[in-house]
Each structure stands twice: as C-alpha cells, then as structure tokens.
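# Sequence isn't available, so here's the structure alone:
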C-alpha cells in the first residue's frame, strides 16, 4: 500500500497521542499491567509530551498517512479506527544525543560505533499491519537518521516482542546487548539492536 510519510508538525500532536495510545500497548509483554501502560502513555505519550517532542531539535518524528488516491489507501483512510487517530497510521521518533553517545548506560556499552542515533519509537496502527507500511516508514526513518551524520542507529525492544524483533532483523538490525526499560513499577528487559547507516 502506498503511504505518505512526512515530518510531523505541531498540528500532529493530538493525532500522535491518539495513535500512540493505540499502538504502545501492543509492544508491551502480556504481564504488563493496564495501570503501568496507562501511566507510561500519560507520562510519555500525551498530547502535551508530543508538543514538547515536536519542538525539540534533538528529535525527529515522522508520520505515515494512507494514500487516499488508491483503493486500499482510500479504504484505510476511511476506516473508523484511522479516523480516531487523526488519519495517521504510523509514526517513528529518532533521538540524537550529545556526541552520538547513547544516553542509556547499557545501550552505550552495547552499541559499537559513534556517532549513534536512537530509534526511540516506531509503530504502525494495528488495522494497517501487514500492508507494507512499516517497511516504508523504516526506509524513510533510516534515511532521516543517516542525514544526521550518524554512523549507526540503535533501538531497544522488549525481549518478548517477537514480532518486532523479527521485523527489525529483516531490516538489517542485529542484537548487540540488553538494557532495562522502566514501565510503571517494573523494569522490563529489552534487547539492544543496531544497524550501520554507512
């Protein structure tokens, strides 16, 4: 399916928060409590937080919208679930850090090359899973990461999220270490993956 992928603007903050509330729970292991998920969404993925992220020069957020000129794209654009997320079907966020050194201590010890950039978030609306949107969004996200001058892109993914791990490995990422991820009152266990950009 053809999608339009573009840099997010300040006007996307509400839609991004709505989409994040739908997609973030899908990345959590089954043992994660509803309270922990709700806490993380309220603290890190609210409209207010997205408004902050969108003016942060260290962050790059891309959004994916269905192509409203093709049959499948029109159907997806018209879906109630997509309308509820402001017409967005995917998003990604890159985070640059000083000197290209990962801010997370465990990731910094695992990631092999500098400068590095973090692929902090990458999600596709569940109604669009299997439509090729994730691959297109990843291609554009990697191009944006390379444009920063980073030599490598890294990410953390929950060790129980097999679907995401398979996707990242198909995209050329390799597991290089582990790190913790605080979710409510628990620390989840993530794989650290990296992929060269040059």
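Arrived safely. Just so it is clear, the model here is predicted, and its values are computed rather than measured. Numbering: from 1, shown residues only.
# distance of residue 101 from residue 136?
To residue 136, residue 101 is 30 Å away according to C-beta to C-beta, to the nearest Å. (Glycine included, C-beta is placed from N, CA and C.)
# For those two, work out which one has more neighbours and name it.
With other C-beta atoms under 10 Å as the criterion, residue 101 and residue 136 differ in neighbour count, and residue 136 comes out ahead with 18 against 13.
# for the nearest residue to that one once chain neighbours are set aside, which residues make a bridge with it?
Of all residues beyond its chain neighbours, the one nearest residue 136 is residue 3 (5.7 Å), with distances taken as C-beta to C-beta, 6 or more residues apart in numbering. Under the criterion DSSP bridges, residue 3 forms beta bridges with residue 66.
# which residues are in contact with stretch 96-108?
By C-beta atoms under 8 Å, 6 or more residues apart in numbering, the list of residues contacting stretch 96-108 from outside reads 58-60, 95, 111, 114-118, 148, 150-151, 154, 156, 177-180, 192.
# how about a cut-off of 6 Å?
58, 111, 114, 115, 116, 117, 148, 179, 192 (C-beta atoms under 6 Å, 6 or more residues apart in numbering).
# Going by neighbour count, which of these comes out on top?
For the contacts of stretch 96-108, the largest number of neighbours (other C-beta under 10 Å) sits with residue 117, at 25 neighbours.
# on that earlier part again, now, the contacts of stretch 96-108 that are in strands?
116, 117, 179, 192 (DSSP state E).
# Of all pairs in those, which one spans the longest distance?
Checking those against each other with C-beta to C-beta, the farthest-apart pair comes out as 117 and 179, at 16.1 Å.
# returning to that earlier point: nearest to residue 163 among the ones in strands among the contacts of stretch 96-108?
Sorting those by distance to residue 163 puts residue 192 at the head of the list, at 17.9 Å, by C-beta to C-beta.
# Quick check: beta-bridge partners of that closest one?
residue 156, residue 177.
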